[in-house]
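S.K.: when you get a sec, could you give me coordinates for this:
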Amino acid sequence: MRKIKTSLIVTLTFFAALLVLNFGGIRADAAGKTAKLETKVVYSFVQQSHTNLMPFQANDAKVIKIKNTNPKVARVSIESDGKHVSCYTPQVGTANITYTLKENGKKYTLKQKVVVTDKYPFEKLEVNGKSLMKNLKNVHQMRVLHKKKKFTVSWKLKKGWKAKRVYNECSNKEVKTNSTKVNLKGKTFSAVSFIFEDKNGHTYQNYILPFWSK
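M.R.: Here you go, the predicted model:
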């Protein structure tokens, strides 16, 4: 009976050791790869004067290298902190991005696809009653309309689109209606930013409507 008990204890100890080793290894692997993607596919609009940050979290890792299959569509670059990657989308198309990250002396990769379109969600976009529909790709051209300090921005979206978030950076407030006011008094720059969702549930990166004081 004593031999059976001893054998049982040895067996249980062995399996316990295996569990500790296995789960300890899982935790170590997870701890060594803290970077994660917020989404595998990034949807964006053609914007020839604005960059967005790619939606991923480096956390304890650093981005040390980027491979880009189509830099004409998505021009990506590592920010100075090694934690963020900016993306400029001047052309319609698709690009596959591979990040090489380094964490605790080890390297690993993450992959994202960037899909860029010029099918904008606006049926109407106006500043002080003037249409901006011809300038949606290159918002710097809108600067010619900005001769005042006060602006009223109004918009209407096409069927199938919705605004997930509209933010007035001048007033630091989220906008819940289809119009907002921008007052540049005492400021040199401000913007209204839009995050849209299409009928397929795809969320698009910030569309920025900028304002400069002259």
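
S.K.: so what's the closest residue to residue 157 other than its chain neighbours up against?
M.R.: By the measure of CB to CB, 6 or more residues apart in numbering, the closest residue to residue 157 outside its immediate chain neighbours is residue 121, 5.0 Å from it. (Glycine included, C-beta is placed from N, CA and C.) In this structure, residue 121 makes contact with 157, 158, 161, 196, 198, 204, judged by CB atoms under 8 Å, 6 or more residues apart in numbering.

S.K.: neighbour count and distance to residue 78 for those residues - can I get that in JSON lines?
M.R.: Supplementary listing: the contacts of residue 121 in JSON lines, determined by neighbours: other CB atoms under 10 Å; distance: CB to CB, whole Å:
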{"residue": "157", "neighbour count": "17", "distance to residue 78": "34"}
{"residue": "158", "neighbour count": "13", "distance to residue 78": "35"}
{"residue": "161", "neighbour count": "16", "distance to residue 78": "32"}
{"residue": "196", "neighbour count": "22", "distance to residue 78": "27"}
{"residue": "198", "neighbour count": "16", "distance to residue 78": "29"}
{"residue": "204", "neighbour count": "22", "distance to residue 78": "23"}
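
S.K.: could you dump the residues you listed to TSV with pLDDT, distance to residue 135 and secondary structure?
M.R.: Converted to TSV, the contacts of residue 121 look like this (pLDDT from 0 to 100; distance: CB to CB, whole Å; DSSP: H, G, I helix; E, B strand; the rest coil):
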residue	pLDDT	distance to residue 135	secondary structure
157	97	17	strand
158	97	17	coil
161	97	19	coil
196	96	18	strand
198	96	22	coil
204	95	18	strand
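
S.K.: now for these: which two are most distant?
M.R.: For these, with distances taken as CB to CB, the pair at the greatest spread is 158 and 204 (13.0 Å).
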